Each structure stands twice: as structure tokens, then as C-alpha cells.
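Student: sharing a model prediction with you, sequence too.
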Amino acid sequence: MPEWTVSQLREATQGTLLVGRGSEPVAGIGIDSRRLQPRQAFVAIRGPRFDGHAFLKAAIDRGASCVIVSDRPASVPTVPTILVPDTTNALGDLAAFHRRRFSIPVIAVTGSCGKTTTKELIAHLLGGTASVLKTVGTENNHIGVPLTLLRLMPTHQYAVVELGSNHPGEIAALARIAQPTVAVITNVGPAHLEFFGTLSAIRQEKLSLLALLDPQGAAIIPGDQLEVLLEAKSRLRQGMTPPPARAAAGGTFEERWPSGPRAGGGVTLLTFGSSDQCGIHLEETRREARGVSLRLHGVPGTFTVPLLGSHNVENALAALACVSVLGIPLDSVRDRLRQVATVTMRSEVVRCNGFTVINDCYNANPLSFARALELLSELEVTRRVVIAGDMLELGSFAVRAHQTIGQLAAQSGTDLLLTVGRLAHEMARGALAARDLSAETYETVHDLLAVLPSRLRKGDGILVKASRNVHLEQVTTFLQGIAHA
């Protein structure tokens with residue numbers, strides 16, 4: 001990582017240097033005193049469970065070259081100390097400062113579902129011939145995004161950053177840090193309704209990313225979601241708010257963008273989908289044993305996506321659109337796309353003990369649940385079993401949303417529905433109102449596991465899905481354990 005000086009840290013955070021010299025070198029930034037490397041600066045983040053200020057001595061003992069605090073230390077530290085109003089905001093300021101050191105394309109990916117898979121697809125396609133920085137896992141919040149960007153090195157040629165949000169204003173705040181040159185919006189659906197209230201508010205949150213785009217950047221928009229597309233065009237026509245000025249070594253990326261429709265402020269707008277108006281226009285799909293093959297309008301040959309489900313077709317289209325606006329011929333990434341790996345706990349197909357398990361329990365909202373049910377209905381299995389847990393953060397919409405998913409499960413041919421959690425009975429109620437099927441409810445995952453072997457048969461296709469805090473991945477682990485017993 002390029003070195004800093006204490007003066008640069010103070011400049012980036014607009015803090016006050018309490019102790020030490022500005023010329024002192026700093027080897028990087030860290031927030032965990034246990035993992036701090038020698039000569040890194042320690043940012044004392046105050047979180048819901050821990051306060052970094054309690055670990056200043058530990059950080060200094062591990063070789064911290066500087067500490068950044070929002071509380072004046074009781075005793076004078078032995079290393080340079082910078083006082084800021086808020087250390088979490090300071091972490092974002094440091095990341096934004098560091099990002100401006102680099103004149104490389106930064107791709108920001110957001111959406112109601114498919115963010116992580118699309119991020120991984122883009123990074124994989126670009127990584128064939130280039131060094132790519134990407135978000136690790138789902139570090140897509142006000143801590144994870146800055147830490148990702150602070151890993152930028154001179155050797156990186158691209159950065160692919162995932163932006164998440166469950167409260168209004170978070171995407172814009174993260175975009176101000178990332179200063180993206182390409183914005184990818186996978187889709188907009190009913191997620192985190194407890195905090196947004198309406199689908200329109202969610203749409204506005206996701207599209208707020210566009211206001212922070214580089215004026216010569218590109219926006220990748222789902223062309224099959226008409227309301228999303230129309231609002232995106234409207235926002236782009238209103239003109240762009242330029243990000244902070246680039247470092248002297250920077251500049252625009254105009255030479256990288258192919259000629260194409262520019263929606264406003266020099267921004268390239270490229271849509272993807274099955275509509276014939278889409279720039280990346282899906283003409284035909286064909287299911288294969290381990291995925292799907294695609295045919296795109298105007299592009300010779302087919303593309304093989306080794307991921308199951310129509311939702312992963314959309315994710316692949318978004319990724320192909322992204323590499324296209326970066327000036328990379330689609331034909332050159334055809335082989336890379338064929339080699340992409342499944343992301344853990346996201347439509348991950350696990351075959352064990354005669355079962356075909358769709359391990360899709362990293363998170364859940366009504367849109368992602370509906371797509372998972374569609375994938376289950378496509379499997380060639382003896383029976384279709386849905387093991388479902390609560391979808392969280394839906395607020396006043398929760399009861400109706402769970403009933404609707406139960407109804408969809410019944411309508412999509414589910415033979416057995418096993419539900420877990422506080423709203424399990426609502427999902428079962430929705431299913432039974434739609435069709436007569438076998439439905440059981442359990443209060444806890446432990447209760448379910450106690451009877452699960454007696455409920456399943458060899459040849460079953462099993463969807464395992466819930467919000468992350470339900471920890472339904474224990475079911476998949478349990479089924480794999482049966483295979484090795």
C-alpha cells in the first residue's frame with residue numbers, strides 16, 4: 001500500500017494533530033488492534049459492541065505509527081494523535097482521499113439482490129488480463145467500503161466495490177467515498193421495507209448512486225424494469241454532480257468508453273435485459289445441466305453461464321454490460337465467463353446423500369425468494385421441498401410478504417414446506433390458502449433439525465433460504481453431515 005504521512009492523514013480527515021510530527025511516515029490504515037500491522041495508523045472506531053478507544057494501548061504496543069480518535073486520550077500517547085469529530089466518518093474520509101490517488105475505473109455495484117454475484121462476475125471477467133481489487137464477501141457498508149478502497153495499490157487496474165443499504169441515504173454516502181466511474185444497478189425490489197416504507201423509496205435509494213458518477217462515466221441499468229429505467233434517465237438528464245477533483249495524476253476516462261448513447265453530463269447509459277430496446281439484449285437462453293447458455297443480439301456465438309437460475313442470467317448480463325462499457329470486447333471474456341464459480345450461499349447447488357440442495361441462505365427478501373422458488377421449480381427432482389426462514393426488515397409488510405411467498409411456493413409446485421421462525425406460520429398459511437400441500441412450522445432451527453431426516457427422501461430437491469440472522473445454513477451443513485455419517 002502506498003505510504004502516508006501523518007500530515008496527509010490530518011488533511012484527509014480535517015482533524016487536529018494533538019501530538020507528534022506531521023512528517024512521520026504511516027504504512028497504512030487499520031481498525032482492529034489485534035490485526036494491526038507495524039507502522040499502520042489505528043482508527044478508533046466506536047461501534048455497537050466495542051469502542052476502539054479502549055484499545056489504543058494495544059494498538060500502540062503492536063507498533064501503530066499514529067492513532068485517530070474522537071475522544072481526547074486521558075494520558076498523552078507516545079505516537080502522533082489526530083483528533084476528529086467522528087472516527088467512522090474519518091475512516092470514510094481517508095478512503096475517499098486514498099481513492100483519489102488512483103485514475104483507474106472504479107465500478108460500484110448495488111441493487112436489491114444479486115449484488116455480490118454480479119460483483120464477483122465483473123471482477124472475474126476483468127481479472128483475466130488485469131489486476132482487480134474487489135470487495136471481500138459482503139463488506140458493503142460504511143466500514144467495509146472504506147476498508148476495501150484503502151487496499152487499493154498502484155498495481156490495481158480496476159476496483160469493483162459492492163454498495164449495500166438498509167436505510168435511506170447510505171448509498172449516496174458510500175458513493176461519495178467510492179467516487180465511481182461505472183454504476184451497476186442489478187435490480188430494485190422490496191428489501192428492507194421496514195426502513196424504506198415503499199418500493200419507490202428503495203428505487204430512489206439505489207438510483208442515488210447515479211448522482212455521484214464521474215461525469216464521463218457509465219450507468220448500467222436493468223432495461224426490463226421500466227420504472228427504474230425511466231427514473232434513471234430522468235436523473236441523468238438533470239445533470240450530474242461532479243465528484244471531488246481527481247489527484248493531479250488523474251484525469252477522465254473518456255478514452256475508455258466506447259461511443260454510445262449518452263444520457264446526460266457525458267454519462268454512457270447501457271441497459272441489459274430481454275427487451276429488444278436493451279443495449280445488451282438477451283435473445284435466447286437454453287438450460288444446461290450445470291447452468292445456462294445465452295445468445296445476445298448482434299454478438300456471434302453463445303455465452304455459457306455455469307450458474308443456475310434466471311436471476312443469474314440477469315447478473316451475467318449486467319456483468320457483460322459493465323465490461324462492454326469499459327471497452328473490452330465481449331468475445332474476449334467468453335471463456336472467462338464459462339469458468340466463473342458459484343458464490344457461497346447464493347444459489348449454491350450442493351449435492352449430497354441423494355439430495356439436491358439449493359443453499360441460498362445468505363439473505364432473503366421477497367424478490368430473491370421468488371427467484372429461488374423459480375430455480376427450485378426448474379430442477380429435475382423427485383420432490384420439491386422448501387425449507388424457509390423469516391425474511392427480516394420488512395416492517396409492516398412482513399406478514400403479507402411471508403404469506404405471499406408461501407403462496408408462491410405452493411403455486412410453483414412445492415411438495416413439502418418446512419418453515420422456521422417467528423413468521424413461519426404466516427408462510428405456511430399463505431401456502432395452504434393456495435393449495436393443499438404438506439406444511440409444517442418450527443420455532444427454531446434446532447427444532448427442525450431434530451425431525452428433518454424423517455421428513456426427507458432421496459431424490460428430493462431442497463431449497464434452503466432465509467435472512468442471514470436466521471442461520472439456516474445449519475440445515476445445509478446438517479444435510480452434508482448426514483452424507484458423511
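Tutor: Nice, I can see it.
Student: whichever helix in the chain runs longest: how far from the chain's middle?
Tutor: Under DSSP state H, the helix in the chain containing the largest number of residues is helix 310-325. Once both centres are worked out by CA atoms, centre = their mean, to the nearest Å, helix 310-325 turns out to sit 14 Å from its chain's centre.
Student: which other helices and strands does the helix or strand residue 17 falls within contact?
Tutor: In this assignment (DSSP states H and E), residue 17 forms part of strand 16-19. Taking 3 or more CB pairs under 8 Å, 6 or more residues apart in numbering; DSSP states H and E as contact, the helices and strands that strand 16-19 lies on are helix 6-13, strand 81-83. Backbone N, C-alpha and C define where each C-beta goes, glycine included.
Student: buried deepest among these, which one?
Tutor: Between the helices and strands packed on strand 16-19, the one whose residues have the most neighbours on average, counting mean count of other CB atoms under 10 Å, is strand 81-83 (a mean of 23).
Student: tell me the strands beside it, with direction?
Tutor: Using DSSP bridges, the strands paired with strand 81-83 in its sheet are strand 16-19 (antiparallel), strand 66-69 (parallel).
Student: how distant is the last one from the center of its chain?
Tutor: In this case it means strand 66-69. On the basis of CA atoms, centre = their mean, strand 66-69 sits 30 Å off its chain's mean C-alpha point.
Student: stretch 431-442 spans what distance, first to last residue?
Tutor: End-to-end distance of stretch 431-442: 15 Å, with CA to CA, to the nearest Å as the criterion.
Student: now do the buried residues in that stretch.
Tutor: Neighbour-count burial for stretch 431-442 flags 431, 432, 434, 437, 439, 441, 442 (criterion: 16 or more other CB atoms under 10 Å).
Student: just confirm the second one is within a helix.
Tutor: This means residue 432. Yes: under DSSP: H, G, I helix; E, B strand; the rest coil, residue 432 sits within a helix.
Student: make sure it is actually in contact with residue 438.
Tutor: No: distance between residue 432 and residue 438: 9.6 Å, which falls outside the contact criterion (CB atoms under 8 Å).
Student: where does the stretch 101-250 of the chain have low pLDDT?
Tutor: Under the criterion of pLDDT under 70, the regions of the stretch 101-250 of the chain flagged as low confidence span 239-250.
Student: and residue 112, which of the three is it?
Tutor: When the structure is reduced to helix, strand and coil (three-state DSSP), residue 112 reads as coil.
Student: and it, its phi and psi?
Tutor: Geometry field for residue 112 lists phi and psi as phi -80, psi -30, criterion degrees, to the nearest 10.
Student: the residue nearest to it when sequence neighbours are not counted - how many residues pack around it?
Tutor: Taking CB to CB, 6 or more residues apart in numbering, and ignoring the residues beside it in sequence, residue 112 has residue 189 as its nearest neighbour in space, at 3.9 Å. Neighbours of residue 189 under the rule other CB atoms under 10 Å: 22.
Student: so where does residue 189 fall, helix or strand?
Tutor: Short version, using DSSP H and E: residue 189 is in no helix or strand.
Student: from residue 364, how far out is it?
Tutor: As for residue 189, its distance to residue 364 is 11 Å (criterion: CB to CB, to the nearest Å).
Student: got the contact list for the residue nearest to residue 112?
Tutor: For residue 189, the contacting residues are 112, 113, 199, 202, 365, 366, 367, 368, by CB atoms under 8 Å, 6 or more residues apart in numbering.
Student: spatially, which two of the residues you listed are the most separated?
Tutor: Taking every pair in the contacts of residue 189 and measuring CB to CB, the maximum separation is 14.6 Å, between 199 and 368.
Student: between those two, which one's more packed in?
Tutor: Neighbours per residue (other CB under 10 Å) separate residue 199 from residue 368, with residue 368 holding more: 25 against 16.
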